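Engineer: A structural model of the following input is requested.
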Amino acid sequence: MASVRISFEFPAVVNEKAARTVAGGVALVSALALVTGWLWLAALLAVGFALRVAFGPRRSVIGWIAADVVAPRLGTPKRVPGPPKRFAQAVGLALTLTATVFLAAGLPVVTTALLAVLLIFASLEAVVGFCAGCYVFGLLMRVGLVPEETCAACNDISLRRRETAAA
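Structural biologist: Model prediction:
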């Protein structure tokens, strides 16, 4: 019988192409929710974010499709540090959980606003490669709120080059 191993580790290095594809999927689901009025999709987005934060990018449907189906077709992986991407996923989780709570409380206008914010930031990452969560993570490191050892590759580009060569 095969053993099942569940890992709570987020990868130290992720494929930027897969991350941008995940953002594209999040943007599409957010847009679908806003256009159709199916605001309950915020709860599904929250589950996906929770799975990616807890278990890594391949543990959600959008993450699996991005990492195993779409990204390999986009060419050579572009390796980037994982901790900022995990932080960005946690921000997405906070947004979608808050949106879901407000929807359950009978305040769909707040849910709509939060999904619109998510759509904007997910689109920025998917289309132009700007990860707002990663940017904030970097700022938090610079002011000392995130310890440097959390992401050594974030501060030292040569470490990223070595990890890319090893991958």
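Engineer: I figured residue 43 was touching residue 100, is that so?
Structural biologist: Yes: using C-beta atoms under 8 Å, residue 43 is in contact with residue 100, at 4.6 Å. The way it works is simple: take the backbone N, C-alpha and C, and place the C-beta from them, glycine included.
Engineer: Scan the protein for its longest helix.
Structural biologist: Using DSSP state H to define each element, the chain has its longest helix at helix 82-104.
Engineer: Which helix or strand lies directly C-terminal to that helix?
Structural biologist: helix 108-128 (DSSP states H and E).
Engineer: What are the buried residues along that following helix?
Structural biologist: Buried residues in helix 108-128, counting neighbours by 16 or more other C-beta atoms under 10 Å, are found at 111-112, 114-115, 118-119, 121-123, 125-126.
Engineer: hang on, the earlier thing: okay, angle between the longest helix of the chain and helix 108-128 too, please.
Structural biologist: Calculated by axes from the mean of the first three to the mean of the last three C-alpha atoms, to 10 degrees, helix 82-104 forms an angle of 150 degrees with helix 108-128.
Engineer: Mind giving me the packing neighbours of helix 82-104?
Structural biologist: When contacts are defined as 3 or more C-beta pairs under 8 Å, 6 or more residues apart in numbering; DSSP states H and E, helix 82-104 packs onto strand 13-15, helix 41-55, helix 108-128, helix 132-142.
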